[in-house]
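Trainee: Need a 3D model of the following:
(one chain, ligands or ions: 1)
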Amino acid sequence: MMATANPNNCPRCGSWNTGSSIGFNPQRINNDETLVSDCIFVCFDCKCEWKAIGFRLIASSAVGPPSEEAQEILLEAIKSAGQLRIEILDDDLAS
Ligand SMILES: [Zn+2]
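Mentor: Okay, the predicted model is just below:
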C-alpha cells in the first residue's frame with residue numbers, strides 16, 4: 001500500500017474540498033511573506049481536521065504568486081523537512 005501524503009486530500013473521506021487553517025513556527029521572510037510549518041487542514045465535507053507534519057507553506061498577505069526569495073526558502077524548507085506525515089486530530093470522534 002502506498003501512502004498518499006497530499007495534505008489537500010481528506011484522509012478520512014477522500015474529499016478535495018479542503019483548506020489549510022493554521023500553520024506553526026512562523027518565520028518571517030519579508031513584509032508580506034511568512035514561512036509556516038506543520039499546517040492544520042480541515043475538510044469542508046466531513047469536518048475532520050488533520051495536521052500535516054513536515055508540511056511547509058508560504059503565507060502571504062500580498063496578491064499574486066510568492067516572490068522568488070520566498071520560493072527559494074520554501075524549497076529549502078521542504079528539502080530539510082523530511083517525509084510528510086498526516087495525523088488526524090479528532091480521531092476519537094470517528095467511530
Ligand atoms: Zn473529509
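Trainee: and the most centrally placed residue in the chain, what pLDDT?
Mentor: Centroid-nearest residue in the chain, with CA atoms, centre = their mean: C39, separated by 4.0 Å. If you check C39, the pLDDT there is 94.
Trainee: doesn't S80 fall inside a helix?
Mentor: Yes - with DSSP: H, G, I helix; E, B strand; the rest coil as the criterion, S80 is located in a helix.
Trainee: thinking again about what came up before, what about the residue nearest to the centre of the chain, distance to the ion?
Mentor: Between C39 and the ion the computed distance is 16 Å (CB to the ion, to the nearest Å). Just so you know, the C-beta spots here come from the backbone N, C-alpha and C atoms, and that holds for glycine as well.
Trainee: Check S80 too.
Mentor: Plainly put, S80 is 30 Å away from the ion if you go by CB to the ion.
Trainee: tally of neighbours for that residue?
Mentor: Residue crowding around S80 was assessed by other CB atoms under 10 Å; the count is 9.
Trainee: same question, W50
Mentor: 23.
Trainee: And for it, nearest residue in space, chain neighbours not counted?
Mentor: Taking CB to CB, 6 or more residues apart in numbering, and ignoring the residues beside it in sequence, W50 has I88 as its nearest neighbour in space, at 4.7 Å.
Trainee: For the one you found, list the residues it contacts.
Mentor: By CB atoms under 8 Å, 6 or more residues apart in numbering, I88 lies in contact with P11, R12, C48, E49, W50, A94.
Trainee: sorry, back to before: wait, doesn't the residue nearest to the centre of the chain sit right on I22?
Mentor: Yes - taking CB atoms under 8 Å as the definition, C39 is a contact partner of I22 at 6.6 Å.
Trainee: out of the contacts of I88, which touch the ion?
Mentor: Contacts with the ion within the contacts of I88, counted by CB under 5 Å from the ion: R12.
Trainee: pLDDT and secondary structure for the contacts of I88 - can I get that in TSV?
Mentor: What follows is the contacts of I88, written out as TSV (pLDDT from 0 to 100; DSSP: H, G, I helix; E, B strand; the rest coil):
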residue	pLDDT	secondary structure
P11	92	coil
R12	93	coil
C48	93	coil
E49	95	strand
W50	95	strand
A94	50	coil
